[in-house]
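Undergrad: how would this look folded up:
(2 chains)
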Amino acid sequence: DTEVTQTPKHLVMGMTNKKSLKCEQHMGHRAMYWYKQKAKKPPELMFVYSYEKLSINESVPSRFSPECPNSSLLNLHLHALQPEDSALYLCASSQGARAGAVVELFFGEGSRLTVL
Amino acid sequence: DAKTTQPNSMESNEEEPVHLPCNHSTISGTDYIHWYRQLPSQGPEYVIHGLTSNVNNRMASLAIAEDRKSSTLILHRATLRDAAVYYCIPRGNAGKSTFGDGTTLTVKP
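TA: Residues are numbered from 1 along each chain as shown, chains lettered A, B, ... in the order given. Model prediction:
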């Protein structure tokens, strides 16, 4: 099993809504990542969790709130988003980030978010 | 993070080799060079990585310059399924992978 599963695949929400994106992996990986990708642009790193603790926050606005309940799950809670937050949100996992430079990232297919 | 420079786009004919270059002149001595590709409507997928020596796997080969300031991803026989955006990513121990703009590869039948 080498999959990273993201749900939902598509999400439409209003600017006052609260929603969550979910990511799950069962590869025993101890590092999990959120990336944001706008159309025809490269993925941009948002957050990194290492051993269930937030290790990197790339100065993401507080309307995005990550959560790592356990080593297999990663959530991204969304509140009061703006239309410019519409993008593909990608989750990835890897062996512990302490392994650093050599580890392979495994990506999910992403959740496409539209904010109206 | 080391900056990377890749051609915006490249074209190849099916069944022919493709050489995708990447400049990473500010790479640190301990950064590995990773390559990922992103097929349409999919998340990125790992292709290959290396430090100093050339590397081969079932997907591709990676040739790294002796001064490590550049590398080349080699697809030995391009297929239509290799059409994707290819990203070269220097990666250090902080666990961060910063994607550059990548190269869009078009494969013509």
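Undergrad: ok, which stretches of chain A are strands?
TA: With DSSP state E as the criterion, chain A has strands at A:4-7, A:10-13, A:18-25, A:31-37, A:44-50, A:53-57, A:64-70, A:73-79, A:87-94, A:106-107, A:111-115.
Undergrad: Output these as a markdown table; include the columns distance to chain B.
TA: Using the backbone N, CA and C atoms, a C-beta is placed for each residue, glycine as well. Shown next, in a markdown table, are the strands of chain A (distance: least, Cβ to the nearest Cβ, whole Å):
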| stretch | distance to chain B |
| --- | --- |
| strand A:4-7 | 8 |
| strand A:10-13 | 12 |
| strand A:18-25 | 11 |
| strand A:31-37 | 6 |
| strand A:44-50 | 6 |
| strand A:53-57 | 6 |
| strand A:64-70 | 14 |
| strand A:73-79 | 14 |
| strand A:87-94 | 5 |
| strand A:106-107 | 3 |
| strand A:111-115 | 9 |
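Undergrad: Could you pull up the contacting residues of the residue lying closest to A:Lys53 once chain neighbours are set aside?
TA: Distance criterion Cβ to Cβ, 6 or more residues apart in numbering or on different chains; nearest residue to A:Lys53, sequence neighbours excluded, is A:Cys68 at 7.7 Å. By Cβ atoms under 8 Å, 6 or more residues apart in numbering or on different chains, the residues touching A:Cys68 are A:Met32, A:Tyr49, A:Glu52, A:Lys53, A:Leu54, A:Leu74, A:Asn75.
Undergrad: please redo it, this time with the cut-off set to 6 Å
TA: For A:Cys68, the contact set (Cβ atoms under 6 Å, 6 or more residues apart in numbering or on different chains) comprises A:Tyr49, A:Glu52, A:Leu74.
Undergrad: Tell me the bridge partners for the last one.
TA: Looking back up the chat, that one is A:Leu74. Under the criterion DSSP bridges, A:Leu74 forms beta bridges with A:Cys23.
Undergrad: re the thing from before, per-stretch mean pLDDT over the strands of chain A, give me the minimum one.
TA: Mean pLDDT values for these show the minimum at strand A:53-57, a mean of 86.
Undergrad: so where is chain B shaky, pLDDT-wise?
TA: Residues of chain B meeting the criterion pLDDT under 70: B:1, B:93-95.
Undergrad: So which residues on chain B come close to chain A?
TA: Listed as neighbours of chain A in chain B under the rule Cβ under 6 Å from any Cβ of the partner chain: B:Tyr32, B:Gln42, B:Gly43, B:Pro44, B:Tyr46, B:Arg91, B:Gly92, B:Asn93, B:Gly95, B:Phe99, B:Asp101, B:Gly102.
Undergrad: rerun at 7 Å
TA: Contact residues, chain B versus chain A (Cβ under 7 Å from any Cβ of the partner chain): B:30-32, B:42-46, B:49, B:87, B:91-93, B:95-102.
Undergrad: Which strand residues bridge the most centrally placed residue in chain A?
TA: Residue closest to the mean C-alpha point of chain A, counted by Cα atoms, centre = their mean, is A:Trp34 at 2.7 Å. Beta-bridge partners for A:Trp34, by DSSP bridges, are A:Phe47, A:Cys91.
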